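1. Fold the following for me, if possible:
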Amino acid sequence: MSIPDAAVESVVLDLRAVLLRSIQASRATQGDFAQLEHVLRRTILAARRLLVDCLLSASAESAGGFACPACGEALRVHGRRPRTIVTSCGEGTYESVRYRCLSCEMDHYPVEVANGLDGGSTYTPDAKGLVAELASDMPFGRAASWASRMGVPVSGKEVDRLVQEVASWRKEEELEARRIADGNVMQGREEVAPSLHDWSGWSPTDVAVISVDGAMVRSTSHDAEGRLEWFECRTGIVAPADEKSKGATHYVAGVKSVDDLFAQLRAVLQSDPRKGRRRQFIADGAECFWPRAAVYFPTARQSLDIYHAGGHIGQAATACWGSGSPVTDRWKREARRMLLEPEGPEKVREELWRELATGNAHNLDDLEREVKYLDEHKDRMPYAELHAKGLPVGSGAMESAVKQTTAARMRMPGMKWTRRGADDMLCLRATCLSGALNAMIVRWQGQLQAAAMPYRRLAPAPA
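-> Below is the predicted model of the structure:
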């Protein structure tokens, strides 16, 4: 079915009328560009609605020739009604066709099924993605306001619902990727997991840096004393070691257990087309990280964040010579330099052990605890070697990731979160920061089209 020329001419005339009215209104502004911008916004919205209506109708009318998915009989047009939906380019109306199978006596809406508009939904997947992306950067009310200014009408409550829906798409993908990755490890197979990360910018020589950390978020719940509780959100990254690399950083975030976080990062790494890529795991001193890193990333070289190690050296110096001592101040000030020297960590530990052996330390118990801590991590402190190879010695990228995923969005003034709401937002935020949202929307649209395949065409669609 083709659109009659008269219908096209009608749209052109309507657009011309909008433009003429806008020109008249622009002349009335008398050079006041602030007023002109209001005119421009109204003009763009009016023209956009006309175009969206026209093109939606053209697309919907081009569909047809469907068969019943149950019995294969040809579906017959059994009714039409105008339907208004919201696309990523604005609101629009088209003629929705209700088909009926005369054999099964069932009604079908194949166009709506193929576009995720069945079940009462009025937003296309791309529109949902647009709203969710805005919400990943700002409170829901502001996101609704910005979306409306872009011609996508939505309420703050609807923003909340769309965030949950789009986050659920990503969680389904992550769960499937993790299921395959876990099965590969447990059963020793080599099933190809769906790649949720864009490896195209990574060079074969890029080292994959894996890092994890967490941050606290304020809850909506109260403790026994009536104070608001806080709960931990965790973030992990897979990033190229070379800051000049064009490879994208992959973010994973949510209200996750440590094992869930590590397992998801392992799933990301399994999708790497470059098998045998060198890996480095770097983190602060949280004891729960290191044994898990050995299990989930057995080939990765482990390294302790140099600033965290420097903090322990400062505490050891305080325990050794006392707070305010010139020697203590010097050790704290030069801790990083000392660690970066060839065999620097070994020299530092040896000197601290000698001071401990004298028994003259300011606080023997604290000094012994710090020296043992440094000994425990001695194999994770080859800072001079890492630095010479251009590999990171600090977890600055991880700290930046926590700020971007959690602090920047979850700790805005006055914000409180349920655990589910925080998990949804962090999942969405990580997806956007990874640059993976658009690709995910495309995959989801592909699934919708596949779901409509049982309505197989009986004849080619008209040109």
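2. Confirm that residue 126 sits in a helix.
-> Yes: according to DSSP: H, G, I helix; E, B strand; the rest coil, residue 126 belongs to a helix.
3. which residues touch it?
-> Counting by CB atoms under 8 Å, 6 or more residues apart in numbering, residue 126 touches 87-88, 441, 445. (C-beta placed from N, C-alpha, C; glycine too.)
4. out of those, who has the most neighbours?
-> residue 441 (22 neighbours; other CB atoms under 10 Å).
5. Helix, strand, or coil at that residue?
-> Per three-state DSSP, residue 441 ends up helix.
6. wouldn't it be in contact with residue 125 here?
-> Yes: between residue 441 and residue 125 there is a contact under CB atoms under 8 Å: 5.5 Å.
7. Could you tell me the phi and psi values at residue 203?
-> Residue 203 has phi and psi values of phi -90, psi 160 when expressed as degrees, to the nearest 10.
8. Check the gap between the spatially closest residue to it that is not a sequence neighbour and residue 137 for me.
-> Distances taken as CB to CB, 6 or more residues apart in numbering place residue 245 nearest to residue 203, at 6.6 Å, with adjacent residues excluded. Using CB to CB, to the nearest Å, one gets 25 Å for the distance from residue 245 to residue 137.
9. Name the next helix or strand downstream of the longest strand seen in the chain, please.
-> Identified as the longest strand of the chain according to DSSP state E is strand 208-222. Beyond strand 208-222 in the direction of the C-terminus, DSSP states H and E gives the next helix or strand as strand 228-240.
10. I'd like the mean pLDDT over that following strand, please.
-> The average pLDDT for strand 228-240 rounds to 96.
11. go on, stretch 278-294?
-> 94.
12. Point out where this structure drops to low pLDDT.
-> Scanning the chain for pLDDT under 70 picks out 1-4, 188-194, 457-463.
13. Can you check the distance spanned by stretch 292-311, start to finish?
-> 24 Å (CA to CA, to the nearest Å).
14. Which positions within it qualify as buried?
-> Applying a neighbour-count criterion of 16 or more other CB atoms under 10 Å, one finds 292-293, 296-297, 300-311 buried in stretch 292-311.
15. cool, stretch 172-189 as well?
-> In stretch 172-189, counting by 16+ other CB under 10 Å, buried: 173-174, 177-178, 180-181, 184.
16. Mark which of these are part of strands, please.
-> Going by DSSP E, the strands hold none of these.
17. tell me which of the contacts of residue 126 is nearest to residue 114?
-> residue 445 (9.0 Å; CB to CB).
18. So which of the buried residues of stretch 292-311 are in helices?
-> 292-293, 296, 306-311 (DSSP state H).
19. Out of those, the closest to residue 391 would be?
-> Set against residue 391, the nearest of these by CB to CB is residue 306 (11.5 Å).
20. Just give the nearest non-adjacent residue to that closest one, would you?
-> Closest residue to residue 306 apart from its sequence neighbours, by CB to CB, 6+ apart: residue 393 at 4.4 Å.
21. Kindly provide the distance from the one you found to residue 324.
-> Noted for residue 393: a distance of 29 Å to residue 324, by CB to CB.
22. Kindly report the same for residue 142.
-> In terms of CB to CB, residue 142 sits 49 Å off from residue 324.
23. Also residue 6?
-> Taking CB to CB, one finds residue 6 at 90 Å from residue 324.
24. and residue 342, how many neighbours?
-> Quick note: residue 342 (other CB under 10 Å) scores 10 neighbours.
25. tell me which element the closest residue to it other than its chain neighbours is part of?
-> Nearest-residue entry for residue 342: residue 384, 4.9 Å, with adjacent residues in sequence omitted and distances by CB to CB, 6+ apart. For residue 384, the element it lies in under DSSP H and E is helix 383-388.
26. counting contacts, what elements does that helix pack onto?
-> helix 335-340, helix 344-358 (3 or more CB pairs under 8 Å, 6 or more residues apart in numbering; DSSP states H and E).
27. Let's see that with 6 Å instead.
-> Applying 3 or more CB pairs under 6 Å, 6 or more residues apart in numbering; DSSP states H and E, we find helix 383-388 packed against helix 335-340.
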